[in-house]
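Trainee: next one to model:
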Amino acid sequence: MKADPIVQNRRAVLKGGMAAATALALPGCETSTSGSSGGADMTLGHRLRDGAFPEPEREAHVPILIAGGGVAGLTAGWRLREAGYDDFRLIELEQQPGGNARGGRNAVSAYPLGAHYLPIPNEEARGLRHMLRQLGMIVGDRDGRPVYDPLQLCADLQERLLWQGKWQEGLVPKTGLSAKDRADLAAFDRAMADFSRRRDAQGRPAFAIPIAYSAQDADLIALDRISFAQWLDRQGWTSPVLRAHVRYACRDDYGTEPAEVSAWAGIHYFAGRRGFTADGTGDNELTWPEGNGRLTRLIADRLGDRVLTGQIAFRARPDDAGGATVDVFDAARGTSIRYRADAVILAMPHFIASRLLGEKADAAHSYAPWLIANVTVDRAPAGKGSVLAWDNVSASSASLGYVVATHQNASREGPTVLTWYMALSDMPPANARRLLVERSDADWRRLVRDDLLAMNPDLDGGIGSIDLWKWGHAMIRPTPGFLWQVAPSQRAAIRAPFFRAHSDLSGLSLFEEAHYQGMAAAEAALSAIGHAHETLL
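Mentor: Numbers count the residues shown, from 1 in each chain. Coordinates of the predicted model:
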């Protein structure tokens with residue numbers, strides 16, 4: 001049956017990419033939608049780029065200074081306190097710690113501003129499980145396996161897909177498939193299951209989380225030298241249904257197209273997760289209305305007044321005593337201070353850490369831009385077929401769909417907030433960042449609104465505010481060669497008194513990777529100052 005011309009045109013625009021997208025008006029939806037617009041503080045970021053800061057007026061000493069309050073920096077602070085060490089400071093540029101795992105709130109609900117869930121950790125993620133136990137997410141053990149608080153786990157239904165005009169459970173189409181589609185999907189699933197089961201001679205998983213625990217067999221490492229799209233081509237898997245699903249996955253976790261994602265990273269998405277639990281919930285996620293903002297807030301609360309926000313580290317140098325000086329601008333006071341530290345943990349992206357150290361950034365590091373919109377609606381979405389899920393994706397949209405902030409609530413009646421995601425992956429990242437800034441907020445809101453109404457026409461007349469959040473450098477892109485060539489060389493270059501802590505050092509922008517790198521940096525700093533501790537790595 002031929003598609004409605006308005007719907008067909010809207011889909012063509014969305015699938016044609018953000019660069020070609022125009023503001024489309026749907027019948028009955030001519031009224032502009034209001035809302036706020038936020039993101040990483042570009043004014044402060046540009047000052048850091050340009051170096052326009054006053055010289056320090058005073059000095060202070062702190063044995064360990066953590067610069068950066070994202071997941072890695074917060075984890076480093078948590079690890080120091082866990083080791084019984086409390087003489088440190090954590091400085092953060094933004095007014096709220098958490099990095100791309102922050103959350104927000106309005107009168108209806110809390111909601112994510114970035115990462116919105118944490119899959120059940122693998123068995124190898126020992127340090128992360130230790131922290132989740134402290135935070136109350138793990139409530140016991142059975143037969144040597146953790147038991148998770150069921151209230152922290154994603155409630156049913158977890159996922160649904162809008163496919164051929166009807167919602168279905170899960171994210172892989174089940175109907176209207178050709179014989180080639182079915183054969184390729186089945187072969188792909190078998191290959192991913194084989195990779196998931198594979199172990200090396202030491203018993204390490206082929207694809208682990210964190211990836212530091214992964215096997216390093218030559219044929220596995222070789223996968224990092226080609227793209228995921230090239231690897232699929234070599235298998236002869238050309239089904240458009242499979243390719244669309246793979247594209248969704250690469251954009252969902254990496255903000256990057258399959259042709260630019262390392263084959264190792266692409267396979268890792270499907271074969272790396274083996275949730276370790278006592279009760280068969282290993283394929284579930286931990287999630288909250290504010291997403292991973294719940295975790296970063298709980299960690300920050302444990303650090304208390306050790307966290308100082310609105311502080312911009314703009315220069316870092318080794319000193320003659322084997323320690324370091326870090327010059328920091330206090331945005332509220334308008335003055336700078338020089339910290340003298342015995343060890344410094346630089347918990348920030350590579351391009352910022354390099355600038356602080358006066359080094360040239362490695363061009364192999366590239367970052368994916370994202371647009372996120374928190375859309376307040378006066379009623380929950382419906383639609384034909386499967387009931388509303390936590391994660392809702394349309395096969396005909398260039399967006400990644402939306403998650404429902406109130407999904408975990410006992411009652412799901414009344415207004416809610418839909419967190420809508422768009423990876424701007426179909427153009428060079430620099431062009432996408434420029435588009436984020438240059439396109440008007442009114443046009444972005446119209447695009448978000450039209451995409452939501454294409455998925456859920458039943459929301460016509462029910463959309464309230466659309467609050468935009470723009471991430472110019474949301475996550476490192478795992479391009480071919482990065483994971484097993486560039487990232488290892490960056491880790492090998494780390495020297496005291498500076499210890500780096502960021503998911504850039506892994507190459508995958510995942511909570512587990514940032515957590516691992518934060519722990520590793522904290523333990524290295526403790527060793528450097530001679531503080532005894534038992535490793536959690």
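Trainee: in the protein, which strand has the most residues?
Mentor: For the chain, the strand with the greatest residue count under DSSP state E is strand 463-476.
Trainee: relative to His502, how far out is the closest residue in space to Gly103 that isn't next to it in sequence?
Mentor: Distances taken as CB to CB, 6 or more residues apart in numbering place Gly293 nearest to Gly103, at 2.4 Å, with adjacent residues excluded. For every residue, glycine as well, the C-beta is placed using N, CA and C. Going from Gly293 to His502 by CB to CB, to the nearest Å gives 19 Å.
Trainee: Thr406 now?
Mentor: Thr406 sits 32 Å away from His502, going by CB to CB.
Trainee: Ile372 now?
Mentor: Between Ile372 and His502 the distance is 21 Å, computed by CB to CB.
Trainee: over to Arg449?
Mentor: Separation of Arg449 from His502 (CB to CB): 35 Å.
Trainee: so what are the sheet partners of whichever strand or helix holds Val326 and their directions?
Mentor: Secondary structure assignment for Val326, by DSSP states H and E: strand 324-330. Sheet pairing for strand 324-330, assigned by DSSP bridges, gives strand 311-318 (antiparallel), strand 335-341 (antiparallel).
Trainee: on that earlier part again, neighbour count winner among Gly293 and His502?
Mentor: His502 (28 against 24; other CB atoms under 10 Å).
Trainee: that one against Gly69, yeah?
Mentor: No. Between His502 and Gly69 there is no contact under CB atoms under 8 Å: 11.8 Å.
Trainee: hey, what's in contact with both of these two?
Mentor: Jointly contacting His502 and Gly69 under the rule CB atoms under 8 Å, 6 or more residues apart in numbering are Ala347.
Trainee: which residue ranges of the stretch 251-400 of the chain form strands?
Mentor: Assigned by DSSP state E, counting those that start in this stretch, the stretch 251-400 of the chain shows strands spanning 285-286, 307-309, 311-318, 324-330, 335-341, 343-346, 367-377, 391-394.
Trainee: buried deepest among those, which one?
Mentor: Greatest average neighbour count among the strands of the stretch 251-400 of the chain goes to strand 343-346 (a mean of 28), per mean count of other CB atoms under 10 Å.
Trainee: got the domain boundaries for this protein?
Mentor: As given by automatic domain parsing, the domain ranges for the chain are 1-31+367-476, 42-102+290-365+479-529, 175-271.
Trainee: hey, which helix or strand in this protein has the poorest pLDDT?
Mentor: helix 5-15 (a mean of 35; mean pLDDT, DSSP states H and E).
Trainee: could you identify the helix or strand that succeeds it?
Mentor: strand 37-39.
Trainee: strand partners (parallel or antiparallel) of that next one?
Mentor: strand 463-476 (parallel).
Trainee: quick one: the partner strand to strand 367-377, angle?
Mentor: 160 degrees (axes from the mean of the first three to the mean of the last three CA atoms, to 10 degrees).
Trainee: what distance separates the helix or strand following strand 463-476 from the centre of its chain?
Mentor: As assigned by DSSP H and E, the chain's next helix or strand after strand 463-476 is helix 487-492. Computed by CA atoms, centre = their mean, to the nearest Å, the separation of helix 487-492 from the middle of its chain amounts to 21 Å.
Trainee: give me the contact list for helix 487-492.
Mentor: 350, 362, 500, 504-507.
Trainee: low-confidence stretches in the stretch 1-150 of the chain?
Mentor: 1-32 (pLDDT under 70).
Trainee: hmm, try it at 80
Mentor: 1-33, 41-51 (pLDDT under 80).
Trainee: next, count neighbours for Tyr248.
Mentor: For Tyr248, using other CB under 10 Å, the count is 19.
Trainee: next: the one 5 residues further on.
Mentor: The burial metric for Asp253, expressed as a neighbour count using other CB under 10 Å, is 19.
Trainee: how close does it sit to Leu80?
Mentor: According to CB to CB, Asp253 and Leu80 sit 29 Å apart.
Trainee: now Ala474
Mentor: Ala474 is 27 Å from Leu80, by CB to CB.
Trainee: those two: which is more packed in?
Mentor: Neighbour count, other CB under 10 Å: between Ala474 and Leu80, Leu80 has more, with 28 against 24.
Trainee: how close does that one sit to Ala525?
Mentor: For Leu80, the distance to Ala525 (CB to CB) stands at 8 Å.
Trainee: got any residues that touch both of those two?
Mentor: Common contact partners of Leu80 and Ala525 (CB under 8 Å, 6+ apart): Ile64.
Trainee: quick check: closest non-adjacent residue to Asp451.
Mentor: The spatially closest residue to Asp451, leaving aside those adjacent along the chain, is Ser399, at 5.1 Å (CB to CB, 6+ apart).
Trainee: just the C-alpha atoms of stretch 324-339, please, in CSV.
Mentor: Output in CSV follows, covering the C-alpha atoms of stretch 324-339 (Å, rounded to 0.1, in the frame of the first residue of the first chain):
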residue,chain,number,x,y,z
ALA,A,324,52.8,19.0,39.6
THR,A,325,51.2,22.4,39.5
VAL,A,326,47.7,22.9,38.1
ASP,A,327,46.3,26.3,37.4
VAL,A,328,42.6,26.6,37.9
PHE,A,329,40.1,29.4,37.1
ASP,A,330,37.2,29.9,39.6
ALA,A,331,34.3,31.0,37.4
ALA,A,332,32.3,32.4,40.3
ARG,A,333,35.1,34.5,41.8
GLY,A,334,36.7,35.4,38.5
THR,A,335,40.2,34.6,39.8
SER,A,336,42.7,31.8,39.4
ILE,A,337,44.5,29.6,41.9
ARG,A,338,47.6,27.4,41.5
TYR,A,339,47.3,23.9,43.1
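Trainee: what's in contact with it?
Mentor: With contacts defined as CB under 8 Å, 6+ apart, stretch 324-339 is touched by 44, 47, 53-62, 65, 67, 89, 91, 310-319, 340-344, 356, 497-498.
Trainee: run the last query once more with 6 Å
Mentor: Stretch 324-339 is contacted by residues 53-54, 56-60, 62, 65, 91, 310-319, 340-341, 344, 497 when judged by CB atoms under 6 Å, 6 or more residues apart in numbering.
Trainee: geometric centre of the chain: which residue is closest?
Mentor: Nearest to the mean C-alpha position of the chain, by CA atoms, centre = their mean, lies Ala115 at 4.6 Å.
Trainee: which ones are touching that one?
Mentor: Contacts for Ala115 (CB under 6 Å, 6+ apart) come out as 100-101, 291-292.
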